[in-house]
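Chemist: Sequence and predicted structure, then a few things I'm wondering about:
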Amino acid sequence: MVQCIGLRVIKEQEVNMMPDKKVIIYSTPTCPYCHQVKSYLTEKGVPFEDKNVADDIEARNEMMQKSSGLSVPVIDIDGTIVVGFNRPKIDELLSL
Amino acid sequence: MWLRKGGCAVYDLMIIGAGPAGMTAAIYASRKRMNLVVVSENVGGQTLWTDCVENYPGFTCIKGSDLVSKFEEHIKSFGIKMEYGRVERLSVLEQGFRAEIEGGKTIDAKTCVIASGKSPRTLGVPGEKEFLARGVAYCATCDAPLFAGLNVAVVGGGNSGVGAAIQLMQICPKVYLIESEAVLKADEILQDKMRAGGNVEVLTYTMPVEIIGDTFVTGFKVRNTKTQEERILDVQGVFVEIGLEPNSAFAADILNLNDKKEIPVNCRAETGIPGLFAAGDVTDVPAKQIIVAAGNGANAAIGAYDYLLRHK
């Protein structure tokens, strides 16, 4: 019992000490996959910055440069680019 | 759970696809306490692309993505195991089925429900694969806003093609609509709306030849089938709206698909292979509707449960 409590405390401390990875999502308001990825990260408690590339031309150019693509969603996880709502890849990169 | 030699898990049921058919099958199978897994590339299928669903009981108008969220919430309440990935091949084992998933993983189950739905049909011209997501797009709802200020072409003169053109004409200086036949098949009301925009040029008797570009699309070569004349359209985007085709290729080795590549099923959702069922738009069911797919999914899960009871 004592051991279990001890382990739990250590785990929480470790989690708290982990630096947050910077996550940027490039999305459009009409794209359902964009909504899904944002809901997923919210549900998992991962903070992210959302850039609406439908309105923000600068963000669109930034996304095109990073992903060499014209398709949303694009997820930038600490500099690693994921195109589309690829759950296994996102889970791997964020250790979810 | 059964274990094969070597310790591989064997599920009671594997459901391929997580659209309305697959998710309903998962709900029914969970309530029967079947040990199941759902394998899918995404959650929601075509329903996600629907702006307003007006014919699902209980909702006068609900966004497709909101309906999918409700389905997803429901299956999450059962703690159903999900595997995200594309099934590349389904094979029949001595007892059950094996799915090979992109990336090398395999899943074995005693019964299987194929509910893999449909995907956009491709053009099959040079440049299409190379420029996928670099100017070639299949989802106007998702990607149209990215093309603001650019010239684009839409292939397909049906309701979805003309719908995409209407969406694009509001943000693009010039839109070409490519149609292989003499006239557009879209509803007149949509065609009128498109014509009112004034910046959509309709090219009938026209076939796509090649998508041209460097990093991104820079042009689209098309041919007039009457004059055989070819021209290159100065566009940075090509939207493909020529209908859908069933996601059945992974099962083509074991099933006799019909001429539309659909999986023929009977009223019990049986495919002809014992223990293998199919539901929704991937099948030859005449009505391709969310509610019908959901009903088919329920039918298939009940069929799989009954099959396991009989073969215990």
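Modeler: Done, it's in.
Chemist: And chain B, split by domain according to the record?
Modeler: Domain segmentation of chain B under automatic domain parsing yields B:2-120+B:244-310, B:136-240.
Chemist: I'd like to know how far A:Tyr40 sits from B:Phe78.
Modeler: The spacing between A:Tyr40 and B:Phe78, counted by C-beta to C-beta, to the nearest Å, is 18 Å. Backbone N, C-alpha and C define where each C-beta goes, glycine included.
Chemist: got the domains of chain B as TSV, with mean pLDDT and distance to chain A columns?
Modeler: Listed next are those as TSV, based on pLDDT from 0 to 100; distance: least, C-beta to the nearest C-beta, whole Å:
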stretch	mean pLDDT	distance to chain A
domain B:2-120+B:244-310	94	4
domain B:136-240	95	3
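Chemist: ok, what's across the strand from the most centrally placed residue in chain A?
Modeler: Among the residues of chain A, the one closest to the centroid is A:Val23, at 4.5 Å (C-alpha atoms, centre = their mean). Beta-bridge partners recorded for A:Val23 (DSSP bridges): A:Ile77.
Chemist: quick one: least confident helix or strand in chain A?
Modeler: With mean pLDDT, DSSP states H and E as the measure, the helix or strand of chain A carrying the lowest mean pLDDT is helix A:2-17 (a mean of 44).
Chemist: how about the residues of chain A that lie near chain B?
Modeler: A:28-36, A:39, A:53-54, A:57, A:60, A:64, A:67-72, A:83, A:85-88 (C-beta under 8 Å from any C-beta of the partner chain).
Chemist: Tell me which of those residues fall in helices.
Modeler: A:32-36, A:39, A:57, A:60, A:64, A:67, A:87-88 (DSSP state H).
Chemist: Quick one: the domains of chain B as JSON lines, columns for mean neighbour count and distance to B:Glu130 too.
Modeler: Formatted as JSON lines, the domains of chain B follow (neighbours: other C-beta atoms under 10 Å in any protein chain shown; distance: least, C-beta to C-beta, whole Å):
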{"stretch": "domain B:2-120+B:244-310", "mean neighbour count": "19", "distance to B:Glu130": "17"}
{"stretch": "domain B:136-240", "mean neighbour count": "19", "distance to B:Glu130": "8"}
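Chemist: nearest to A:Ile77, of the ones you listed?
Modeler: Between A:Ile77 and the domains of chain B, the tightest spacing by C-beta to C-beta is seen for domain B:2-120+B:244-310, at 16.7 Å.
Chemist: I'd like the next helix or strand past whichever strand or helix holds B:Gly219.
Modeler: Assigned by DSSP states H and E, B:Gly219 falls within strand B:217-224. Heading C-terminal from strand B:217-224, the first helix or strand you meet, by DSSP H and E, is strand B:230-233.
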